[in-house]
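*Asks:* my questions are about this predicted structure, shown below with the sequence.
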Amino acid sequence: MGHCFSLPSSSSEIHEDNEHGDGNAVVCYGGEEFGLGYDLPVHRLGSVYSVQGSKAVNQDNAILYLAYETGDAELCGVFDGHGKNGHMVSKMVRNRLPLLMSTLKKELNQESHVCEEEEEEEEEEETHKWEKACFSAFRILDRELLLQVFDCSFSGSTAVVAMTQGDDLMIANLGDSRAVLGTMTEDGEISAVQLTSDLTPDVPSEAERIRACKGRVLAMKTEPCSQRVWLPHQDIPGLAMSRAFGDFRLKDHGVIAVPEISHHQITYKDQFLVLATDGVWDMLSNDEVVSLVWSSRKKQSTAAKLVAEAAEAVWKKKLKSKKIDDITVICLFLQNKEQPRA
């Protein structure tokens, strides 16, 4: 788990010299620049944790951005890389996306201010502007990956990003990482509500788009229940998700970097949000994850670690010495807020 503090609002990305720890899971305090002698913005509480699997490098990356934008929001995201250079793709997306979204949102605000007459006729709501900024940021980032020195032909990254501003929650999903809400029922029990759909070739509408673009959707004999994406005339690469950053050899065959965006109005019943890569969801159910987080609510700073270690234990028990996936978790608690320590 890593931390970085007092990130300049003029920065265009998160830099290595802002990071501490292993560099995969980063916590930032943002908003307007602040320092000693200034009031620090109040923010929700959260935790983030990442565990390397049996690969040579941890291809997961994550960010928990507290006091985001002008200090009145939180942004968090998990990014699961795949392919030879997947770890570089997921890290670049993590480093660029938060402040790219913020920059695009500010441009939309300026456009609305200049076009006063249009604004009087039809003023764009704040949530709509964030949605437009998010779509644009995903599109721009995917194009920027084409300019990198590392090859993204068969390397890429999924993403699930959540942004809270007051009681508004926006989720942007690309691939098979997942966002789950922990909310209270009428009986006072904690319940899991899945906020995203796993965007894989198993989804009929996703498979239909891929096949319409001449891509092939087939399962391997060793995994008959899991559909994968293949080139039209070659048995490569066997991608297990239908949307991702990168993977440019498949972009002409239906694999897209367009996120599914959804909105949720946070109520007093909604206790926390969990974002995690499929290294968690392949081993633990939504209900199991939510129960684990709820059990650790008095120690909110360790909630993500508790979930990650539980998933890792199931991987080891079920697969023993076989391949274990990277595991990354973010927990954001929605009801409690605090002022960060300088």
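*Replies:* Sure thing, it's come through. Not measured: the values here are computed from a predicted model. Numbers count the residues shown, from 1 in each chain.
*Asks:* list the buried ones in stretch 195-214?
*Replies:* Judged by neighbour count (16 or more other Cβ atoms under 10 Å), stretch 195-214 contains these buried residues: L195, T196, D198, L199, T200, P201, D202, E206, A207, R209, I210. Every residue, glycine included, has its C-beta placed from N, CA and C.
*Asks:* brain fart, stretch 308-320
*Replies:* Quick answer for stretch 308-320 (16+ other Cβ under 10 Å): A308, A310, A311, E312, W315.
*Asks:* could you find the closest non-adjacent residue to the last one?
*Replies:* Sequence neighbours aside, I324 is the residue nearest to W315 in space, at 4.4 Å (criterion: Cβ to Cβ, 6 or more residues apart in numbering).
*Asks:* does that neighbour sit in a helix, a strand or a coil?
*Replies:* Assigned with DSSP: H, G, I helix; E, B strand; the rest coil, I324 falls in the coil class.
*Asks:* contacts only, for I210.
*Replies:* P201, R216, V217, V229, S242, H253, G254, V255 (Cβ atoms under 8 Å, 6 or more residues apart in numbering).
*Asks:* check which helix or strand covers S102.
*Replies:* Secondary structure from DSSP states H and E places S102 in helix 86-114.
*Asks:* quick one: buried residues of that helix?
*Replies:* Buried, per 16+ other Cβ under 10 Å, within helix 86-114: 86-102, 104-105, 108.
*Asks:* what do you get for stretch 169-184?
*Replies:* In terms of neighbour count (16+ other Cβ under 10 Å), stretch 169-184 has its buried residues at 169-183.
*Asks:* which stretches of the chain have low pLDDT?
*Replies:* The chain contains residues with pLDDT under 70 at 1-22, 31-41, 113-124, 321, 339-342.
*Asks:* run the last query once more with 50
*Replies:* 1-12, 16-21, 32-38, 119-123, 342 (pLDDT under 50).
*Asks:* how is it divided into domains?
*Replies:* 2-197+244-338, 200-240 (automatic domain parsing).
*Asks:* the strand of greatest length in the chain packs against which elements?
*Replies:* Using DSSP state E to define each element, the chain has its longest strand at strand 327-338. Under the contact criterion of 3 or more Cβ pairs under 8 Å, 6 or more residues apart in numbering; DSSP states H and E, strand 327-338 touches strand 43-51, strand 60-68, strand 73-82, strand 159-165, strand 270-276, helix 278-281, helix 303-319.
*Asks:* so how far is the longest one off the chain centroid?
*Replies:* Right, the one you point to is helix 303-319. 20 Å (Cα atoms, centre = their mean, to the nearest Å).
*Asks:* got the contact list for it?
*Replies:* For helix 303-319, the external contacting residues (Cβ under 8 Å, 6+ apart) are 1, 46-51, 53, 272, 274, 276, 279-280, 283-284, 288-289, 292-293, 295-297, 324-325, 327-331, 333.
*Asks:* again, only this time at 7 Å
*Replies:* Here helix 303-319 makes contact (Cβ atoms under 7 Å, 6 or more residues apart in numbering) with 47-49, 51, 279-280, 283-284, 289, 292-293, 296, 324-325, 327, 329-331.
*Asks:* next one: the fifth one
*Replies:* Applying Cβ under 7 Å, 6+ apart, the contact partners of strand 270-276 are 76-78, 160, 162, 177-184, 190, 289-290, 293, 328-335.
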